[in-house]
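Asks: Here you go, sequence then predicted model.
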Amino acid sequence: MPQTLTSTSMFTPCGFSPHLHTSKEDEQGGLIFQDGNLTSASLDALIQHLIPTTDYYPEKAYIFTFLLSSRLFIEPHELLSRVCHKCIEQQRLDDPVLDKARIRKFGPKILQLLTEWTETFPYDFQEERMIGHLKDMIHRIAPCDEAYWKKMNQLLQTLNQKLATLSHGQEGIVKINAAVSDKLVAFKSKPPSIQREILSVCSDPYTLAQQLTHVELERLSHIGPEEFVQAFVHKDPLDGTKTCFSEQKKTSNLEAYVKWFNRLCYLVATEICMPAKKKQRAQVIEFFIDVARECFNIGNFNSLMAIISGMNMSPVSRLKKTWSKVKTAKFFILEHQMDPTGNFYNYRTALRGAAHRSLTAHSNREKIVIPFFSLLIKDIYFLNEGCANRLPNGHVNFEKFLELAKQVGEFITWKQVECPFEQDPNIIHYLHTAPIFTEDGLYLASYESESPENQTEKDRWKSLRSTILGKT
């Protein structure tokens, strides 16, 4: 089940401060305000509020919030089409003779809006229709000022470079090796180990924590803010004919990041269960405890939780003789930090501390904040499920989307930090490609290391030996 918001966040189950609902409503052009904050409006009114004029330009926060949430009601290419159509009407861009003085006031504003859109949501412009609308609008205003042609070319060049970088980066991430490696259990008793292990690649926990941070930031950099919304798209009740992005939920980068977390969990468990000797297994556990502690110090909470999760998997936690050789005090401290009690109260406190450090940072090293991603997704899921997208009168519940934009916007700031640590390709390649056991493989390796303690374990061991190793 999705986690609930902590009471210390000062939000109700819908995620909003109660005092907002005690003030008088104010309506301006179909927009409903409370205490000066936009809370609801019709979709048409919100679209109109996005459109610049000769003497109006929307606030940056509004642009981000609406472009992020609008895809729950209208696809980006439809939205841009409507924006352009309204601009053509309002600025009379179809007239045989254009009002150059008016357009010189309007032109920089529409260019700025298009620039912000391409910079924040570049994936929207992978569609040719989006580029077509963008070019059409600039072609209409360009005759009034030659500088608009230059600005359009700069905008398109920057957009193409950004899309190319994102695409190249996605291709550059080594595909996770999905090959089943359970048969490696057969080699456990054959020294030296045929399986290459982490300590032979990197024996310094500080270095491994830094390389994990490289992987995290690289993968985070490809996640578009819109993926958080598109992951939870439902049918719009006012449009029963379709669901936005029903054909293709564009959440591949988000899903790949979740898969990376799962891989790291299983890699940690594999590395612990693989060594034949108890002393070696204890050494690997203590190594990963030190790696996890350094991840905490860096602000890399996602890798930290993956390591703790890997060490808490049943095939690892049942190795009592191995754990008896481990100095567990540091591990218990880390477990306490990531304890789910109170909706991860301790973790959320640490996250707020890292976020504050990031705001006042003087170096990229201090700016790093990599949240526990699955919990972030659950928080956004809870916000999405806990409040309706539309109010009973059909208005868009904009108050909900302000909170959504706040959560996603903070994440977008964190993911843009440049990793300050020197990259080690060998370690990163190992993290992505080292064979890992399935759950069955982990149990078999665990039983081969420390014999089953009860009849249930004995029966499972016998079954796994038969299935995986072909032994009876």
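Replies: Cool, got the structure.
Asks: now what about stretch 457-464, what contacts it?
Replies: Stretch 457-464 is contacted from outside by 440, 443-444, 447, 452, 472, using C-beta atoms under 8 Å, 6 or more residues apart in numbering. Any C-beta I mention is one placed from the backbone N, CA and C, and that applies to glycine too.
Asks: Ignore what I typed, I meant stretch 146-153.
Replies: 107, 111, 134-135, 138, 141-142.
Asks: Now restrict the residues you listed to buried residues only.
Replies: 107, 111, 134, 138, 141-142 (16 or more other C-beta atoms under 10 Å).
Asks: Which ones among the contacts of stretch 457-464 map onto strands?
Replies: When the contacts of stretch 457-464 are checked against strands (DSSP state E), there are no matches.
Asks: Now for the nearest residue to residue 219 once chain neighbours are set aside: which residues touch it?
Replies: In space, residue 219 comes closest to residue 257 once its chain neighbours are excluded; the distance is 5.0 Å by C-beta to C-beta, 6 or more residues apart in numbering. For residue 257, the contacting residues are 219-220, 223, 373, by C-beta under 8 Å, 6+ apart.
Asks: Okay, residue 257 and residue 354: tell me how far apart.
Replies: 19 Å (C-beta to C-beta, to the nearest Å).
Asks: Strands of the protein, start to end?
Replies: Using DSSP E, strands in the chain cover 25-28, 31-34, 37-41, 396-397.
Asks: quick one: which of those strands is nearest residue 61?
Replies: Proximity to residue 61 (C-beta to C-beta) singles out strand 37-41 among the strands of the chain, at 9.9 Å.
Asks: helices and strands around the closest one, which ones?
Replies: Contact here means 3 or more C-beta pairs under 8 Å, 6 or more residues apart in numbering; DSSP states H and E; on that basis strand 37-41 packs against strand 31-34, strand 396-397, helix 398-415.
Asks: Minimum distance to residue 422: which of the ones you listed has it?
Replies: Between the helices and strands packed on strand 37-41, helix 398-415 lies closest to residue 422; by C-beta to C-beta that is 20.3 Å.
Asks: Please enumerate residues in contact with that closest one?
Replies: With contact meaning C-beta under 8 Å, 6+ apart, helix 398-415 is reached by 11, 14-16, 20, 37-41, 46, 61, 64-66, 68-69, 120, 217, 220-221, 223, 225, 228-229, 355, 358, 368-371, 376, 379-380, 383-384, 387-389.
Asks: doesn't residue 230 make contact with residue 250?
Replies: Yes. Using C-beta atoms under 8 Å, residue 250 is in contact with residue 230, at 5.5 Å.
Asks: okay, and the common contacts of these two?
Replies: By C-beta under 8 Å, 6+ apart, no residue touches both residue 250 and residue 230.
Asks: Please flag which of the contacts of stretch 146-153 sit within helices.
Replies: 107, 111, 134-135, 138, 141 (DSSP state H).
Asks: Can you tell me which of the residues you listed is closest to residue 266?
Replies: For those, the nearest to residue 266 is residue 134 (43.9 Å; C-beta to C-beta).
Asks: where's that closest one relative to residue 334, distance?
Replies: 49 Å.
Asks: Residue 292 too?
Replies: 5 Å.
Asks: Name all residues that sit in contact with the two at the same time.
Replies: Counting by C-beta under 8 Å, 6+ apart, the common neighbours of residue 292 and residue 334 are 304, 308.
Asks: Just want to know which of the two has more residues nearby.
Replies: The neighbour comparison of residue 292 against residue 334 (other C-beta atoms under 10 Å) goes to residue 292, with 30 against 19.
Asks: which residues touch the more buried one?
Replies: 209, 303-304, 307-308, 331, 334.
Asks: try 6 Å
Replies: 304, 307, 334 (C-beta atoms under 6 Å, 6 or more residues apart in numbering).
Asks: Would you quantify the distance from the last one to residue 356?
Replies: Between residue 334 and residue 356 the distance is 21 Å, computed by C-beta to C-beta.
Asks: Torsion angles phi and psi at the residue nearest to residue 231 when sequence neighbours are not counted?
Replies: Of all residues not flanking residue 231 in the chain, residue 251 sits nearest, at 4.8 Å (C-beta to C-beta, 6+ apart). Main-chain torsions, residue 251, degrees, to the nearest 10: phi -130, psi 20.
Asks: still on that earlier bit, now for the ones in helices among the contacts of stretch 146-153: which two are most distant?
Replies: Greatest spatial distance among the ones in helices among the contacts of stretch 146-153 (C-beta to C-beta): 107 and 135, at 14.6 Å.
Asks: what's the closest of the buried ones among the contacts of stretch 146-153 to residue 198?
Replies: The shortest approach to residue 198 among those belongs to residue 134, at 48.0 Å (C-beta to C-beta).
Asks: Setting aside sequence neighbours, what's the nearest residue to the closest one?
Replies: Per C-beta to C-beta, 6+ apart, closest to residue 134 is residue 114, 5.8 Å.
Asks: Around the one you found, how many other residues sit close by?
Replies: 22.
Asks: Tell me how far it lies from residue 229.
Replies: Residue 114 is 21 Å from residue 229, by C-beta to C-beta.
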